[in-house]
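Visitor: mind looking at a prediction? Sequence and model below.
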Amino acid sequence: LPAGRNSFIFEYLGSSTTAQNKIINPSFEKGLWTQHVGDCNALDTNPILDMKLSSDEKTDGSHSLELHATRHIACTSIKVPVNPSKKYLFSFDYQSPNAENAGYYLGFDGEASTSVSEHIPITTTEWQKYEKEIATPADASSTRLYLYSYADDGITNIITRYDNFHL
């Protein structure tokens, strides 16, 4: 099809090529990525944060990640191996009953220490899918993926859920 809003791009993977997800435990079926919730905005010593698996709200498998932030920014992360100078399709599902944004950060190793991050507006309480093409730096061998739940007013418990990661 010609380029335009109704066009599709297909990639053929021959019999000798397979698409392999670089993210281990992409749907949290083997538990959380880290034992404890991170405080990614430790502006004082009074965070109110939590992290757990949700079996009620999910899109793939039996669980999703649920980050809670009342004060500061709740986060978790995982190290993901990548190949240098490659393009990957990065995707995941996200949902919240009360957050304004979901967010992620991909920090690549290597001399340049480049990164990709985004605040993703949440406009509905339904699950949504995020997709983005990611190009790895020429000297990258891994990236650290961070996920966030952003506190709002210091009183409301903001809940942000994530599931079904692919890279």
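Guide: Great, that's in hand. Numbers count the residues shown, from 1 in each chain.
Visitor: show me the shaky parts of this structure.
Guide: 1-18 (pLDDT under 70).
Visitor: quick one, strands of it?
Guide: Assigned strands in the chain, in chain order: 38-39, 48-54, 64-71, 73-81, 87-95, 101-108, 115-121, 128-135, 142-150, 158-166 (criterion: DSSP state E).
Visitor: quick check, residue 64 in contact with residue 26.
Guide: No - applying Cβ atoms under 8 Å, one finds residue 64 not in contact with residue 26, separated by 10.9 Å. Every C-beta, even on glycine, is put in place using the N, C-alpha and C of the backbone.
Visitor: report the contact partners of residue 136.
Guide: 82-88, 108, 143 (Cβ atoms under 8 Å, 6 or more residues apart in numbering).
Visitor: which one of the strands of the chain lies closest to residue 22?
Guide: strand 73-81 (5.2 Å; Cβ to Cβ).
Visitor: quick one: strands adjacent to that closest one?
Guide: strand 38-39 (antiparallel), strand 142-150 (antiparallel) (DSSP bridges).
Visitor: neighbours of residue 27, how many?
Guide: If you count neighbours by other Cβ atoms under 10 Å, residue 27 ends up with 21.
Visitor: can we start the residue count at 11 from this point?
Guide: Happy to do that; since the first residue is 11 now, the last one works out to residue 37.
Visitor: doesn't residue 171 make contact with it?
Guide: No - look at residue 37 against residue 171 with Cβ under 8 Å: they stay out of range, at 11.8 Å.
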